[in-house]
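[1] The following comprises the amino acid sequence and a computationally predicted model.
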Amino acid sequence: MPGSASPPPATTFAYMAKRLLRSPLLRMIYFVLLLLFFSAIALWIVNLTQVPANNLKTMQGHLAYTVLMVLPYVLAYWVLVRLIERRPVSELGWRKLPHLLLGLLAALLLFGLLTLQLWSAGAYSITGVGDAPLWSLFLLTAVMPGITEEIVSRGILFRLTEEGLGTWVALVVSALFFGFMHAGNPGATAWSSVAISIEAGLLFGLLYHVTRSLWWCIGLHAGWNFVQGAVFGIPVSGIAVDGLLDSRLQGPDWLDGGGFGAEASVLTVLTCSISSLLLARHMLHKGPVVAPFWKQTTLQAGERAQPSD
């Protein structure tokens with residue numbers, strides 16, 4: 001019948017090869033290779049200029065060091081999206097930059113509420129006023145992990161896993177990855193990794209799914225770390241920080257988080273879980289929830305969840 005002829009084998013092979021080379025798994029591998037390449041260049045510059053040894057006690061030195069550590073992630077992500085995926089990097093676009101401020105404000109409110117709960121339960125007390133430079137803490141504990149970890153966990157792992165295996169699998173995989181990324185931190189336990197997976201991994205994953213904005217996630221992540229450590233003087237994922245306030249966590253481990261800090265507290269898990277449930281409700285009502293590739297229609301396969309302007 002006219003119009004029913006199958007495409008030539010060569011055309012089919014070329015199409016399948018193109019799909020394979022741009023598959024989510026291979027794009028993850030491309031990102032890792034690009035990151036290694038740009039990191040090697042950054043390391044060469046660090047060794048050449050001796051930035052950490054000579055200038056890390058100054059604001060300019062901290063800024064230069066932060067840029068050199070963050071830039072490989074940004075460049076690797078930009079090259080992947082622009083040159084391999086061939087689309088605008090809208091999730092980090094200028095139009096969405098105000099989301100960064102919204103994320104910072106949300107972090108202030110969320111961790112402020114959590115600290116109030118810890119104080120009310122007798123698990124947090126202020127012992128004095130610190131004198132640590134806030135700009136240094138902001139760069140090293142907020143900006144650096146906020147950008148690098150969100151690009152990897154949400155920009156790469158969540159987004160590409162969602163494209164292939166669907167939203168629900170992407171949420172679980174990226175949350176577990178994010179939690180166990182911190183398993184080697186001081187004071188970490190199996191529970192602290194699970195707690196971060198639930199309170200932060202799911203929250204940030206849902207936030208990215210609903211907003212399709214990495215700026216939102218970076219703002220919330222960076223703000224969370226900054227408010228927690230630099231302002232309230234609470235260890236950030238087990239790492240002790242001399243903040244604006246000198247403080248002490250006290251009480252049973254399930255309440256104050258033990259040696260890992262407030263992020264391993266049951267109160268933190270419950271507080272952040274409420275926010276996650278609100279985002280999940282929004283996701284279920286507004287959509288879209290991406291199905292695994294084997295359940296997608298032809299139209300859905302061509303319109304998999306990608307960030308929009």
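    In hand now; what should we look at?

[2] Please enumerate the helices of the stretch 51-200 of the chain.
    Using DSSP state H, counting those that start in this stretch, the helices found in the stretch 51-200 of the chain span residues 51-55, 59-79, 98-120, 134-137, 144-150, 159-165, 167-180, 190-196.

[3] what's the closest of those to Val227?
    helix 98-120 (4.5 Å; C-beta to C-beta). Quick note: C-beta positions are derived from backbone N, CA and C, even for glycine.

[4] Buried residues, the closest one. List them.
    Within helix 98-120, the residues that qualify as buried are 99-100, 102-104, 106-107, 110-111, 114-115, 117-118, counting by 16 or more other C-beta atoms under 10 Å.

[5] for the biggest helix by length in the chain, packing partners?
    The longest helix of the chain (DSSP state H) is helix 24-49. Where contact means 3 or more C-beta pairs under 8 Å, 6 or more residues apart in numbering; DSSP states H and E, helix 24-49 is packed against helix 59-79, helix 159-165.

[6] mind checking which of the helices of the stretch 51-200 of the chain is nearest Leu244?
    Evaluated with C-beta to C-beta, the helices of the stretch 51-200 of the chain place helix 134-137 nearest to Leu244, the distance being 6.7 Å.

[7] What's the mean pLDDT across the closest one?
    Computed over helix 134-137, the mean pLDDT rounds to 76.

[8] Any stretches of the stretch 1-150 of the chain with poor pLDDT?
    Scanning the stretch 1-150 of the chain for pLDDT under 70 picks out the ranges 1-11, 13-21, 51-57.

[9] can you rerun that using 80?
    1-22, 49-62, 130-137 (pLDDT under 80).

[10] Generate TSV for the helices of the stretch 51-200 of the chain, with distance to Ser39 as supplementary columns.
    Shown next, in TSV, are the helices of the stretch 51-200 of the chain (distance: least, C-beta to C-beta, whole Å):
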stretch	distance to Ser39
helix 51-55	15
helix 59-79	4
helix 98-120	24
helix 134-137	23
helix 144-150	11
helix 159-165	20
helix 167-180	19
helix 190-196	24
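
[11] closest one to Met283 among the ones you listed?
    Comparing those by C-beta to C-beta, helix 167-180 comes nearest, at 7.7 Å.

[12] what angle separates that closest one from helix 24-49?
    30 degrees (axes from the mean of the first three to the mean of the last three C-alpha atoms, to 10 degrees).

[13] Now do the buried residues in helix 167-180.
    Buried positions in helix 167-180, judged by neighbour count with 16+ other C-beta under 10 Å: 167, 170-180.

[14] okay, now the closest residue to Tyr77 other than its chain neighbours: neighbour count?
    Closest residue to Tyr77 apart from its sequence neighbours, by C-beta to C-beta, 6 or more residues apart in numbering: Ile151 at 5.2 Å. Using other C-beta atoms under 10 Å, Ile151 has 24 other residues around it.

[15] before we move on, the earlier item: tell me which of the helices and strands packed on helix 24-49 sits most buried.
    helix 159-165 (a mean of 22; mean count of other C-beta atoms under 10 Å).

[16] Export the helices and strands packed on helix 24-49 as JSON lines, with columns for distance to Val289.
    As requested, these are exported to JSON lines (distance: least, C-beta to C-beta, whole Å):
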{"stretch": "helix 59-79", "distance to Val289": "25"}
{"stretch": "helix 159-165", "distance to Val289": "9"}
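
[17] Now do the SS call for Asp242.
    Three-state assignment for Asp242 (DSSP: H, G, I helix; E, B strand; the rest coil): coil.

[18] Go ahead and confirm it touches Gly130.
    Yes: using C-beta atoms under 8 Å, Asp242 is in contact with Gly130, at 5.2 Å.

[19] Buried residues in stretch 258-272, which are they?
    258-269, 271-272.

[20] What's the mean pLDDT across that stretch?
    95.

[21] who's in contact with that stretch?
    Here stretch 258-272 makes contact (C-beta atoms under 8 Å, 6 or more residues apart in numbering) with 110, 113-115, 117-118, 121, 123-124, 185-189, 191-192, 195-196, 198-200, 203, 228, 234-238, 249, 253-257.

[22] send the alpha carbons of that stretch over as CSV?
    Provided in CSV are the C-alpha atoms of stretch 258-272 (Å, rounded to 0.1, in the frame of the first residue of the first chain):
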residue,chain,number,x,y,z
GLY,A,258,24.0,13.7,67.6
GLY,A,259,27.5,14.4,66.2
PHE,A,260,26.1,15.0,62.7
GLY,A,261,24.1,18.0,63.7
ALA,A,262,20.5,19.1,63.3
GLU,A,263,20.1,17.5,59.8
ALA,A,264,19.9,14.1,61.6
SER,A,265,17.2,15.3,63.9
VAL,A,266,13.7,13.8,63.7
LEU,A,267,12.4,17.3,63.9
THR,A,268,14.2,18.3,60.7
VAL,A,269,12.9,15.2,58.9
LEU,A,270,9.3,16.0,59.9
THR,A,271,9.6,19.7,59.1
CYS,A,272,11.0,19.2,55.6
